[in-house]
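J.: I would like the atomic coordinates for the input below:
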Amino acid sequence: MIDQNGIVKAYVRYLKLQRNMSVNTLDAYQRDLRKLLDYLNKEQIAIRDVTLADLEHFSAGLHDIGIHPRSQCRILSGIRSFFKFVQLDGYRDDDPTELLESPQIGDHLPEVLTTQEVDRLEESIDLSKWEGHRNRAIIEVLFSCGLRVSELVNLKLSDLYLDDEYVRVLGKGSKERLVPISPKAIQELGYWFDDRNLMTIKPGEEDYVFLNRRGAHLTRTMILIMIKAQAKEAGIQKTISPHTLRHSFATALLEGGADLRFIQALLGHEDIGTTEIYTHIDTSTLRQEILEHHPRNKKRS
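T.: The predicted structure follows:
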């Protein structure tokens with residue numbers, strides 16, 4: 001008979017080897033699962049004996065301590081994954097999460113920038129500073145390719161196929177995808193490479209595309225700070241982050257008529273439902289178009 005710790009270790013091994021999760025994602029799953037395990041230990045409930053009522057009580061507790069509904073949904077999603085594993089591997093005969101409901105959070109419409117605002121962001125950069133061309137290249141690659149910031153900081157020179165106008169991206173779960181890169185982004189990279197070639201690069205960092213002034217690859221926090229500071233410099237009032245440029249990439253494609261499945265592939269979304277958030281953004285844009293241009297809505301002179 002396997003003990004409770006053995007079940008958890010087997011689950012973590014499953015996530016690592018069979019689901020091929022990245023270190024960050026694996027850590028997040030384990031943190032969320034730990035919340036449930038702490039609750040079960042406190043209530044002296046074994047994993048084999050957990051009922052739907054136990055899980056509903058746990059879920060209500062998440063709400064009571066002020067955890068945001070979106071975070072509650074993420075935690076409960078991880079718990080469903082855990083109990084599916086528990087059932088499939090024969091540790092128990094049923095899955096107590098089958099009827100477990102998540103809190104209603106509504107549709108969250110992410111902030112996006114127009115192409116004109118992205119241009120303002122880039123034009124506000126002081127190119128006389130050593131990092132000027134680097135920062136313009138970062139913003140353009142994020143907007144032109146729709147990369148996650150974690151994908152950008154890990155982008156390697158060996159991932160660039162600029163003659164063929166695409167880049168190879170290592171996404172979540174170590175899944176590779178090929179993403180086209182625009183001539184504008186290639187041009188900005190070329191300017192950055194002129195500066196990069198003059199740098200002293202730390203051993204082991206030679207293949208990273210984007211480097212700091214000490215010759216080491218950038219962190220996600222460095223890019224977040226840079227983009228927020230640049231938005232302020234450009235007079236953009238929206239609250240933005242590196243992920244805003246990814247949202248803007250997807251929204252621009254959808255408004256240009258791209259198929260949702262095509263956008264899903266470019267973003268590296270495993271589930272089409274994740275990509276469908278952009279249909280809500282597009283609907284709001286279409287509504288504005290109707291209000292402005294449909295004859296039934298035009299004010300009579």
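J.: Can you give me the neighbour number for Ala250?
T.: Neighbour count of Ala250, defined by other C-beta atoms under 10 Å: 24. Every C-beta, even on glycine, is put in place using the N, C-alpha and C of the backbone.
J.: Give the phi and psi angles for it, as a check.
T.: In terms of degrees, to the nearest 10, the main-chain angles of Ala250 are phi -70, psi -40.
J.: can you check Lys156 too?
T.: phi -110, psi 150.
J.: My understanding was that it contacts Asp207; is that so?
T.: Yes. Proximity of Lys156 to Asp207 meets the contact threshold set by C-beta atoms under 8 Å, at 4.5 Å.
J.: which residues of the stretch 151-300 of the chain score low on pLDDT?
T.: 271-300 (pLDDT under 70).
J.: can you give me the strands in it?
T.: Taking DSSP state E, counting those that start in this stretch to define them, one finds strands in the stretch 151-300 of the chain at 160-161, 166-170, 176-180.
J.: Where do the helices of the stretch 51-200 of the chain begin and end?
T.: Here the stretch 51-200 of the chain has its helices, by DSSP state H, counting those that start in this stretch, at 52-64, 69-88, 115-123, 132-145, 149-153, 183-196.
J.: which residue sits closest to Gln72, ignoring its sequence neighbours?
T.: The shortest distance from Gln72 to any non-neighbouring residue, by C-beta to C-beta, 6 or more residues apart in numbering, is to Leu62 (4.8 Å).
J.: That neighbour and Ile79 touch, don't they?
T.: No. Contact criterion C-beta under 8 Å: Leu62 and Ile79 do not qualify, at 10.4 Å.
J.: Just the CA trace of stretch 254-261, in PDB.
T.: The C-alpha coordinates for stretch 254-261 follow below in PDB (Å, rounded to 0.1, in the frame of the first residue of the first chain):
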ATOM      1  CA  LEU A 254      -7.900  38.700 -35.400                       C
ATOM      2  CA  GLU A 255      -9.000  42.200 -36.500                       C
ATOM      3  CA  GLY A 256      -7.100  41.600 -39.700                       C
ATOM      4  CA  GLY A 257      -9.200  38.500 -40.500                       C
ATOM      5  CA  ALA A 258      -6.900  35.700 -39.300                       C
ATOM      6  CA  ASP A 259      -8.400  32.400 -38.300                       C
ATOM      7  CA  LEU A 260      -8.600  31.700 -34.600                       C
ATOM      8  CA  ARG A 261      -6.800  28.300 -35.100                       C
END
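J.: In that stretch, which residues are buried?
T.: For stretch 254-261, burial by neighbour count (16 or more other C-beta atoms under 10 Å) applies to Leu254, Glu255, Leu260.
J.: quick check, nearest of those to Phe83?
T.: Of all the buried residues of stretch 254-261, Phe83 sits closest to Leu260, with 30.9 Å by C-beta to C-beta.
J.: Next one: Asp95 relative to Asp89, how far apart?
T.: According to C-beta to C-beta, to the nearest Å, Asp95 stands 12 Å off from Asp89.
J.: higher neighbour count, these two?
T.: More neighbours surround Asp95 than the other of Asp95 and Asp89, with 16 against 13 (other C-beta under 10 Å).
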